[in-house]
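A.B. asks: can you look at this prediction? I've put the sequence above it.
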Amino acid sequence: MRLEDFARTCEPASSKLNVEQLCDHILPLLRFLADDMDSTQTPAEQHDKAYGNREPSGTDDTEGEVHGGLRVIDGFTVDQVVGEFRALRASILRLWIAEDAADVAAHPEQIIRFNEAIDQLMTESVARHADLHAQAYEQSKRRDAFLATLAHELRGPLSAIANTVHLIQSFAATNADLAPMGAIMSRQTQHLKRLLNDLGDFARIARDRISPTDIRECVQDAIEANREAIAQKAHVLKVEVPPTPVVAEVDSTRIVQVTSNLVNNAAKYASEGSRIEVALSEDDAHAVIRVKDDGGFDPQLLPVIFDAFSANHHDDLGKTGLGIGLWLTRRLIELHAGTIEAFTEGPGRGAEFRARIPLRLAVSRH
């Protein structure tokens with residue numbers, strides 16, 4: 001309880017911890033601390049341990065290394081791992097002094113031994129955490145390179161198919177039997193092009209130029225890009241933007257892409273003749289982009305709606321994607337240090353996507 005209470009107030013990193021996970025590996029760490037302080041150590045061994053130079057014995061992972069691996073699985077950042085050990089250190093010291101302040105004052109070397117032991121745990125945990133993240137990063141780069149190559153190689157055959165489809169459609173003017181087939185092939189070819197574009201974006205979430213941008217222009221560009229899709233299903237579009245500029249330091253191309261993805265989803269999945277609302281506002285030093293429609297989806301999908309390759313399931317093949325669009329939208333927003341949320345009460349009861357982008361930010365390059 002002391003550890004959890006302190007972790008909630010420890011700044012800057014520990015306040016972000018999931019306190020429900022905080023104690024799931026605490027006993028092995030405490031046993032290590034107790035055994036380490038009870039052992040006989042030379043001054044050289046203490047020095048090496050304090051600076052993270054202690055060689056682990058045997059081939060088994062140390063408790064710190066095990067802990068670092070578990071925290072990667074739990075989704076902890078390095079800052080959160082360090083914050084966790086800060087909270088652990090402070091909680092133990094406070095409890096220790098409260099229990100026997102006189103003994104602590106009489107034996108300050110025990111405080112030194114304790115700090116050396118917990119520093120060793122933290123060093124091993126952070127090192128393992130960093131190693132695993134580096135491995136994941138390399139795997140991610142290989143995956144992205146494969147997807148970029150795949151998208152590039154598929155464009156050649158798809159171009160030939162598109163040319164053939166265009167030829168078939170030209171013959172359809174004099175052969176009525178070809179018209180339905182040409183229309184089907186044209187729709188599916190366009191669908192394949194969109195999927196390839198998604199694959200390309202997944203592989204290269206580009207780091208383009210960042211500059212002050214009026215977000216109203218991004219919203220307008222996104223709407224213009226989807227005018228045809230909106231008109232095809234006779235949707236009623238309502239747009240609300242402030243009368244004065246909403247200026248943010250962003251990659252304008254990517255913010256247009258984010259907004260366009262949300263508007264396109266609304267146009268695609270809402271039933272014919274639905275109302276689509278696109279709104280831009282400022283709130284607490286953020287630009288807020290809202291896209292709302294009359295459609296909706298199963299609320300059980302909310303926890304995974306932005307996950308990569310969490311493909312949507314629709315009867316109409318033309319509405320089925322790779323599950324990249326919303327993942328990409330969230331990733332682009334996160335690269336701008338922003339957040340995005342989805343809201344729905346169920347199919348036919350409406351859906352809303354709300355993206356928040358800081359007006360001034362340092363864009364992540366990782």
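C.D. replies: Cool, the structure landed.

A.B. asks: the top helix by length along the chain - contacts with which helices or strands?
C.D. replies: Using DSSP state H to define each element, the chain has its longest helix at helix 108-171. In terms of contacts (3 or more Cβ pairs under 8 Å, 6 or more residues apart in numbering; DSSP states H and E), helix 108-171 is packed against helix 26-38, helix 43-50, helix 63-74, helix 78-106, helix 178-203. Heads up, the C-betas are built off the backbone N, CA and C, glycines and all.

A.B. asks: mean pLDDT for those helices: which is lowest?
C.D. replies: When these are ranked by mean pLDDT, helix 43-50 comes last with a mean of 70.

A.B. asks: taking helix 178-203 as reference, get the angle to the longest helix of the chain.
C.D. replies: Between helix 108-171 and helix 178-203, the angle comes out at 160 degrees (axes from the mean of the first three to the mean of the last three Cα atoms, to 10 degrees).

A.B. asks: chain center to helix 108-171: distance?
C.D. replies: 13 Å (Cα atoms, centre = their mean, to the nearest Å).

A.B. asks: deepest of the helices and strands packed on helix 108-171, which one?
C.D. replies: Of all the helices and strands packed on helix 108-171, helix 63-74 carries the top mean neighbour count, a mean of 20, counting by mean count of other Cβ atoms under 10 Å.

A.B. asks: which helices and strands does that one pack with?
C.D. replies: Packed next to helix 63-74, using 3+ Cβ pairs under 8 Å, 6+ apart, are helix 26-38, helix 78-106, helix 108-171.

A.B. asks: now it, how far from the centre of its chain.
C.D. replies: 21 Å.

A.B. asks: now do that helix: everything it contacts.
C.D. replies: 18, 21, 24-25, 28-29, 31-32, 56, 61, 80-81, 84, 120-129, 132-133, 136 (Cβ atoms under 8 Å, 6 or more residues apart in numbering).

A.B. asks: make a ChimeraX selection of the buried ones in those residues.
C.D. replies: ChimeraX command restricting these to the buried ones, with burial defined by 16 or more other Cβ atoms under 10 Å:
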select :25,29,32,80,81,84,120,121,122,123,124,125,126,128,129
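
A.B. asks: before we move on, back to that, how about the helices and strands packed on helix 63-74 in JSON lines, adding distance to Gly296?
C.D. replies: Shown next, in JSON lines, are these (distance: least, Cβ to Cβ, whole Å):
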{"stretch": "helix 26-38", "distance to Gly296": "43"}
{"stretch": "helix 78-106", "distance to Gly296": "35"}
{"stretch": "helix 108-171", "distance to Gly296": "31"}
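
A.B. asks: ok, which of those comes nearest Val239?
C.D. replies: helix 108-171 (32.7 Å; Cβ to Cβ).

A.B. asks: tell me the angle of the closest one relative to helix 26-38?
C.D. replies: 140 degrees.

A.B. asks: export the helices and strands packed on helix 108-171 as CSV, with columns for distance to Ile305.
C.D. replies: As requested, these are exported to CSV (distance: least, Cβ to Cβ, whole Å):
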stretch, distance to Ile305
helix 26-38, 34
helix 43-50, 47
helix 63-74, 22
helix 78-106, 25
helix 178-203, 16
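
A.B. asks: to Arg113, which of the ones you listed lies closest?
C.D. replies: Minimum separation from Arg113 across these (Cβ to Cβ) falls at helix 26-38, 5.0 Å.

A.B. asks: now for that closest one, which elements pack on it?
C.D. replies: Going by 3+ Cβ pairs under 8 Å, 6+ apart, helix 26-38 lies up against helix 63-74, helix 78-106, helix 108-171.

A.B. asks: got a list of contacts for it?
C.D. replies: By Cβ under 8 Å, 6+ apart, helix 26-38 touches 3, 49, 62-64, 66-67, 88, 92, 110, 113-114, 117-118, 120-121.

A.B. asks: okay, now the unreliable bits of the stretch 151-300 of the chain?
C.D. replies: In the predicted model of the stretch 151-300 of the chain, residues 199-210 satisfy pLDDT under 70.

A.B. asks: in contact with the nearest residue to Asn265 once chain neighbours are set aside, which residues?
C.D. replies: Nearest non-adjacent residue to Asn265, counting by Cβ to Cβ, 6 or more residues apart in numbering: Gly325, 6.9 Å away. For Gly325, the contact set (Cβ under 8 Å, 6+ apart) comprises Asp198, Asn261, Asn264, Asn265.

A.B. asks: so the residue of the chain positioned farthest from its centre, which state does it fall into?
C.D. replies: Distance from the C-alpha centroid of the chain peaks at Thr174, with 52.0 Å (Cα atoms, centre = their mean). Put simply, Thr174 is coil when judged by DSSP: H, G, I helix; E, B strand; the rest coil.

A.B. asks: right, and the pair among the contacts of helix 26-38 with maximum separation?
C.D. replies: Maximum distance among the contacts of helix 26-38 (Cβ to Cβ): 25.6 Å, for Val66 and Gln110.

A.B. asks: can you give me the strands for the stretch 251-366 of the chain?
C.D. replies: 275-283, 286-293, 339-344, 351-358 (DSSP state E, counting those that start in this stretch).

A.B. asks: now those strands in TSV, with mean neighbour count and distance to Glu228?
C.D. replies: Listed next are the strands of the stretch 251-366 of the chain as TSV, based on neighbours: other Cβ atoms under 10 Å; distance: least, Cβ to Cβ, whole Å:
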stretch	mean neighbour count	distance to Glu228
strand 275-283	17	14
strand 286-293	22	17
strand 339-344	17	25
strand 351-358	21	21
